[in-house]
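J.: need coordinates for the below:
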Amino acid sequence: MRTRRQRFSDSTKRALVDVAERLFTEHGYSATSLDAIVAGADVTKGALYHHFSGKQAIFEAAFERVESRATSGIAHATEGHQDPWLKAQAGLRAFLEAVQEPGYRQIVISDGPSVLGHERYREQEERSTYAIVDEIVRAVLTDTEWDLDDAMLDTFTRIFFGAMSAAGGSVAVSEDASAAALRVEAAIGFILAGLQRLLEDGAEPPDPARTARATSRR
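T.: The predicted model follows:
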């Protein structure tokens, strides 16, 4: 059982992240000060430094919370779908709903890459939304006659994840996020439908060796 002091410490940390998330969402990283965060949480700056090394560290905590909330929403939306294609569509729709949230737009899309740096940002993504995309892609492609190895499955995942990340970014910065999300859903849905049709028509699976031979004959 956690002690009263530990519970108080946990409560203080949650309050700091609550306030930080709200301020980063409303004002962005650059315009949010540590003074504003501690004032909003009604704690001392010393209490903040007990939990976080500085502004970037508390931003990362807010980032992780927003990403985790988005990932949970996508996972919840895909639960119960036995048909992998319906699961993919539900996951895409949930992702596009997540990127329209003000916190996701500001903290993850707008500020995340510059504050965390490219490598750290990608690490965070791969631990959260990437894992969901990988699960969906593997569900779709392993429920077929194709016998793809892990390297090719990973390639498909990275292609779809890259497309969704870029499309999600365009939705997040759009003046009309709802309309942008509908365009993305229609476009990626069209690609998924094309892939489904290829599989149903018995198309051969992608083969790097065949591609190499065709390239060498050009």
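
J.: please parse this structure into its domains.
T.: Listed domain ranges for the chain are 1-52, 62-216 (source: automatic domain parsing).

J.: quick one: average pLDDT of the longest one?
T.: Computed over domain 62-216, the mean pLDDT rounds to 89.

J.: what about that domain, how long is it end to end?
T.: 50 Å (CA to CA, to the nearest Å).

J.: please name every helix or strand in contact with the host helix or strand of residue 39.
T.: Element membership for residue 39 (DSSP states H and E) is helix 34-41. Counting by 3 or more CB pairs under 8 Å, 6 or more residues apart in numbering; DSSP states H and E, the packing neighbours recorded for helix 34-41 are helix 4-27, helix 45-51, helix 55-78. C-beta here means a position set from N, CA and C on the backbone, and glycine is covered the same way.

J.: export stretch 196-209 as PDB, just CAs?
T.: These are the backbone C-alpha positions of stretch 196-209, laid out as PDB (Å, rounded to 0.1, in the frame of the first residue of the first chain):
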ATOM      1  CA  GLN A 196      -8.600  -5.800 -50.900                       C
ATOM      2  CA  ARG A 197      -9.700  -6.200 -54.600                       C
ATOM      3  CA  LEU A 198      -6.200  -7.400 -55.600                       C
ATOM      4  CA  LEU A 199      -6.200 -10.000 -52.900                       C
ATOM      5  CA  GLU A 200      -9.700 -11.200 -53.800                       C
ATOM      6  CA  ASP A 201      -8.700 -11.400 -57.500                       C
ATOM      7  CA  GLY A 202      -5.700 -13.700 -56.600                       C
ATOM      8  CA  ALA A 203      -3.000 -11.200 -57.400                       C
ATOM      9  CA  GLU A 204       0.600 -12.400 -56.700                       C
ATOM     10  CA  PRO A 205       2.200 -11.000 -53.500                       C
ATOM     11  CA  PRO A 206       4.900  -8.400 -53.800                       C
ATOM     12  CA  ASP A 207       8.300 -10.100 -54.500                       C
ATOM     13  CA  PRO A 208      11.500  -8.100 -54.200                       C
ATOM     14  CA  ALA A 209      13.400 -10.600 -56.300                       C
END
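
J.: can you pull the contacts of the residue positioned nearest the centre of the chain?
T.: What sits nearest the mean C-alpha location of the chain, by CA atoms, centre = their mean, is residue 129, with 3.6 Å. When contacts are counted by CB atoms under 8 Å, 6 or more residues apart in numbering, residue 129 touches 67, 70-71, 74, 95, 161, 164-165.

J.: TSV for the residues you listed, including distance to residue 118 and neighbour count?
T.: Formatted as TSV, these follow (distance: CB to CB, whole Å; neighbours: other CB atoms under 10 Å):
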residue	distance to residue 118	neighbour count
67	16	21
70	20	23
71	20	20
74	23	26
95	21	28
161	15	20
164	18	20
165	13	18
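
J.: in JSON lines: those residues, plus distance to residue 82.
T.: Compiled in JSON lines, the contacts of residue 129 are given as follows (distance: CB to CB, whole Å):
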{"residue": "67", "distance to residue 82": "27"}
{"residue": "70", "distance to residue 82": "24"}
{"residue": "71", "distance to residue 82": "21"}
{"residue": "74", "distance to residue 82": "17"}
{"residue": "95", "distance to residue 82": "20"}
{"residue": "161", "distance to residue 82": "23"}
{"residue": "164", "distance to residue 82": "23"}
{"residue": "165", "distance to residue 82": "27"}
